[in-house]
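Participant: Sequence and predicted structure are below.
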Amino acid sequence: LVGDDGRIRPTIFAEMSALAARTGAINLGQGFPDEDGPPEVLAAAAEAIAAGVNQYPPGRGNAVLLDAIAAHQSRFYGLDPDPAREVLVTAGATEAIAATLLALVSGPDDEVVVFEPYYDAYAALVALSGARLVPVPLHWPDFQPDLDRLRDAVTDRTRVILVNDPHNPTGAVFSRHARGEIVALAERHDAVIVTDEVYEHLVFDRSHVPIATLPGAFERTVSISSGGKTFSTTGWKIGWLTAPADLVDAVLAVKQFLTYVNGAPLQPAIAAGLGLPDSFFSGIAAGLRSKRDLLGAGLAAAGFDVSVPAGTYFTVADAAALGASDAAAFCRELPARAGVVAIPLTAFVTRERRAEYATLVRFAACKRVEVLAEASARLAALR
Ligand code: PMP
Ligand code: GLN
């Protein structure tokens with residue numbers, strides 16, 4: 001977050017996308033799709049603008065979207081949040097995470113347990129909240145939570161266990177056993193589970209299981225998602241959370257002074273997306289699964305060891321097999337060596353813990369098939 005000169009650094013995503021733009025390399029760094037999502041969703045946004053849905057929406061969100069979020073939770077997961085009291089629309093999942101942390105934790109006596117490597121905003125937002133970050137490692141190659149370390153990490157000082165499942169940057173989907181252990185520890189130490197499930201519909205060969213569906217979990221869980229990944233609208237920043245009413249009220253108290261509201265005409269468009277038939281949702285998972293396989297085959301052919309992800313946009317590969325000892329240096333050289341940009345996993349871990357992840361690299365598979373094929377052909381030059 002803060003560099004050696006005391007200034008807040010640009011995110012790794014801004015840095016790597018700039019590197020791709022500068023060198024003309026294929027950008028498999030920042031996770032965003034290079035194709036538009038469902039035409040129904042795009043058309044609904046244009047229609048809403050033309051129909052004059054252009055002023056501040058209600059603070060909790062457009063009623064059509066609140067209803068659609070609740071109906072989606074019911075259709076896919078059997079959850080039944082009250083759209084008027086247990087749902088909140090936010091400026092992306094990022095604002096949902098930020099407002100939730102700012103609402104629930106305040107000083108260094110409050111601890112937030114995170115799974116490491118973690119999405120980089122988590123460490124930054126915990127730092128902005130003033131709380132202490134307590135990382136629990138996920139180990140190569142399957143990146144499941146280290147449950148002994150988790151049991152040591154969760155104490156009566158733990159205010160929040162911040163879960164991300166399916167997990168960025170590793171692509172892991174947490175096991176049932178790990179999820180159950182998280183809920184049991186949260187209950188024992190009276191912690192709130194904050195779960196970022198933005199990749200809920202990008203899970204391969206199985207169905208997503210929200211942690212809020214586990215017995216005893218809903219009443220202490222803030223579940224966060226976003227339309228960005230599901231509808232390929234990462235630039236729209238329409239996110240949401242579902243939680244018991246008292247938790248939603250606490251988060252809303254903060255959120256009203258962060259952005260107040262956002263994206264008026266985009267909210268009914270995301271509602272239209274959430275109402276698409278089941279075949280849309282299974283289709284995006286199947287499409288990304290074949291891209292994962294294409295990228296994975298290209299990485300293996302180039303000489304990497306590959307961790308096959310169970311979900312998300314991302315695949316982690318070990319460059320040690322190619323003689324690399326420092327993935328950050330490897331990624332800086334990758335545009336010149338192979339015309340591809342990727343992200344070192346060390347960007348997602350605390351400074352003291354970099355050694356374990358020193359040779360690991362994250363590649364994004366959410367690109368057109370011909371782009372992935374070209375990237376694979378270029379990476380073959382590394383051999
Ligand atoms: N959480 C995770 C794990 C992500 O990968 C991302 C986005 N890329 C976000 C949150 C941010 O989502 P949004 O753009 O909806 O703020
Ligand atoms: N979530 C995307 C990623 O992990 C990028 C999000 C961002 O640029 N902030 O690559």
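Facilitator: Nice, I can see it. Ligands and ions are numbered 1, 2, ... in the order given.
Participant: For the rest of this, base every contact and every neighbour count on C-alpha atoms.
Facilitator: Noted.
Participant: Could you list the domains of this protein?
Facilitator: The chain breaks down into these domains under automatic domain parsing: 12-30+279-382, 39-274.
Participant: Could you export those as CSV, including mean neighbour count?
Facilitator: Shown next, in CSV, are those (neighbours: other C-alpha atoms under 10 Å):
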stretch, mean neighbour count
domain 12-30+279-382, 20
domain 39-274, 20
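Participant: Tabulate these (TSV), appending mean pLDDT.
Facilitator: What follows is those, written out as TSV (pLDDT from 0 to 100):
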stretch	mean pLDDT
domain 12-30+279-382	97
domain 39-274	98
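Participant: Would you map the helices across the stretch 151-300 of the chain?
Facilitator: Taking DSSP state H, counting those that start in this stretch as the test, the helices found in the stretch 151-300 of the chain are 176-188, 227-230, 245-255, 266-274, 278-302.
Participant: Distance from the chain centre to the longest one, please.
Facilitator: Counting by C-alpha atoms, centre = their mean, to the nearest Å, helix 278-302 is centred 18 Å from the centre of its parent chain.
Participant: Remind me what whichever helix or strand comes after it packs against, helices and strands.
Facilitator: Downstream of helix 278-302, the next assigned helix or strand under DSSP states H and E is strand 305-307. In terms of contacts (3 or more C-alpha pairs under 8 Å, 6 or more residues apart in numbering; DSSP states H and E), strand 305-307 is packed against helix 278-302, strand 314-318.
Participant: Just want the phi and psi numbers for the nearest residue to residue 181 once chain neighbours are set aside.
Facilitator: In this structure, residue 181 finds its nearest non-sequential neighbour in residue 147, 7.8 Å apart by C-alpha to C-alpha, 6 or more residues apart in numbering. Torsion angles at residue 147 (phi, psi; degrees, to the nearest 10) stand at phi -70, psi -30.
Participant: Residue 147 contacts residue 178, doesn't it?
Facilitator: Yes: checked against C-alpha atoms under 8 Å, the pair residue 147 and residue 178 is within contact range at 7.1 Å.
Participant: what does stretch 316-331 contact?
Facilitator: Defining contact as C-alpha atoms under 8 Å, 6 or more residues apart in numbering, one finds that stretch 316-331 is touched by 169-171, 299, 303-309, 341-346, 358-363, 382-383.
Participant: Would stretch 83-97 count as contacting ligand 2?
Facilitator: No: judged by C-alpha under 6 Å from any ligand atom, stretch 83-97 and ligand 2 are separated, with a smallest distance of 8.4 Å.
Participant: Tell me how far that stretch lies from the chain's centre.
Facilitator: 15 Å.
Participant: That stretch spans what distance, first to last residue?
Facilitator: 19 Å (C-alpha to C-alpha, to the nearest Å).
Participant: Show me the contact partners of that stretch.
Facilitator: Stretch 83-97 has contacts (C-alpha under 8 Å, 6+ apart) with 60-61, 63, 66-67, 69-70, 81, 121-122, 125, 194, 196, 198, 224-228, 236-245, 248, 252, 255, 259, 261-263.
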